[in-house]
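Enquirer: got a sequence here, can you build the structure:
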Amino acid sequence: MFGFGAKRRARQAAGPLSTVEVPPTAGVLSGRIVDGEQRDEPVRHAEFTLSDSLGRTVIEGGLDPYGSFVATVPAGEYRFAVSADGRRPFRSSVAVDEGGHTDLGDLPLDSVQPPTLPAPGDWDVEPAHSSIAFTARHIGLARVHGRFNVFAGAVRIAERMEESALHVVIDAASIDTNVPARDKHLRSPDFLDAARFPTLEFYGDRFAHRGGSHWAVTGALSLHGVTRTVTLETEYLGLGHGMEGETRAACRAVTELHRDDFTVSWQTMLAKGIAVVGPSITIELDIQIVPKAVG
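Expert: Model (predicted):
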């Protein structure tokens, strides 16, 4: 435990924390995140969150190259959590005293086995248990949420997951923001131009393991007559079984699109005096796949 001076202005710790300025009503929280099996090995890619009794985040961040963190926070009772891909989260209650130093010491994160991957072969996206949604900010207003109601897809799982491929086709006219007038406008030549470009199509053939259950799927997205390279940041959720016992696999994926990349110009719309969604759109996919039916 490090000692602090008694002055009511900013206090300083002795020893290694002597250069840390501590306001009168604050204290210092520190610790080190280590591998659960090899205690001398730091977990550098972990992230920590400190939240108050109402669940509000007070501070969050990453670790230094040695797996350590030091934070100055208001004195009080907190919930402390650490997470890292491929590891079991750590959670604990902590107390930080005025002018005090709460040193949590070495906190171990145990490795967890990533979910079992789907068997090699051809799989189909099951629309009934899948969704393709998007979020965009309306210029000067709140966010716009929507989805595409009609789509189809297939996944070819290779012996090496990295050599797998994903193909998704979306019906542009099925866009749905729950506002018929806006949906009609989104289908028009001002945006998707669904009459000329009836589908959005993604073909991904580069699967890269990010660690644990996270993958990046990179491929070509064709939208509005333009094709661009897009990466889906994907979390694989594992295998399960449907009501009839059939095997299925699930994942979530997200990417951000910039409308100017696909010649859907928001500046042009503003010049026309049309209130539009902003220049970037977040796409979220919640997908379940089932083995392709034979015959």
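Enquirer: can you give me the helices in the stretch 101-250 of the chain?
Expert: 180-187 (DSSP state H, counting those that start in this stretch).
Enquirer: for it, give me the ranges with low pLDDT.
Expert: 137-142 (pLDDT under 70).
Enquirer: the same query, at a cut-off of 90, please.
Expert: The model of the stretch 101-250 of the chain has pLDDT under 90 over residues 110-116, 135-145, 177, 179, 181-182, 185-186, 188-193, 209-214, 223-226, 241-246.
Enquirer: quick one, strands of it?
Expert: Using DSSP state E, counting those that start in this stretch, the strands of the stretch 101-250 of the chain run over 101-109, 121-125, 131-138, 143-148, 151-157, 165-171, 175-176, 199-211, 214-223, 226-241, 247-258.
Enquirer: list the buried ones in stretch 180-196?
Expert: 182-183, 185-187, 191-194 (16 or more other C-beta atoms under 10 Å). Every C-beta, even on glycine, is put in place using the N, C-alpha and C of the backbone.
Enquirer: quick check: bridge partners of residue 91?
Expert: Beta-bridge pairing of residue 91 under DSSP bridges involves residue 81.
Enquirer: is it true that it touches residue 107?
Expert: No: the pair residue 91 / residue 107 is not scored as a contact, 10.3 Å apart, by C-beta atoms under 8 Å.
Enquirer: and these two? which has more neighbours close in?
Expert: In this view residue 91 and residue 107 are compared by other C-beta atoms under 10 Å, and residue 107 has more residues nearby, 18 against 10.
Enquirer: what's opposite that one in the beta bridge?
Expert: According to DSSP bridges, beta-bridge pairing links residue 107 with residue 33.
Enquirer: next one: residue 22
Expert: Beta bridges link residue 22 to residue 11, judged by DSSP bridges.
Enquirer: okay, now it: neighbour count?
Expert: If we define neighbours as other C-beta under 10 Å, then residue 22 has 22 of them.
Enquirer: quick check, pLDDT for it.
Expert: Per-residue pLDDT puts residue 22 at 81.
Enquirer: please report the distance of it from residue 104.
Expert: Using C-beta to C-beta, to the nearest Å, residue 22 is found at 17 Å from residue 104.
Enquirer: cool, residue 251 as well?
Expert: Taking C-beta to C-beta, one finds residue 251 at 34 Å from residue 104.
Enquirer: let me have the strands of the stretch 101-250 of the chain in CSV, extended by distance to residue 286.
Expert: Formatted as CSV, the strands of the stretch 101-250 of the chain follow (distance: least, C-beta to C-beta, whole Å):
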stretch, distance to residue 286
strand 101-109, 28
strand 121-125, 11
strand 131-138, 5
strand 143-148, 10
strand 151-157, 12
strand 165-171, 13
strand 175-176, 16
strand 199-211, 15
strand 214-223, 14
strand 226-241, 9
strand 247-258, 5
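Enquirer: those: which one's closest to residue 55?
Expert: strand 101-109 (20.1 Å; C-beta to C-beta).
Enquirer: higher neighbour count, residue 251 and residue 104?
Expert: Between residue 251 and residue 104, counted using other C-beta under 10 Å, the more crowded position is residue 251 (23 against 17).
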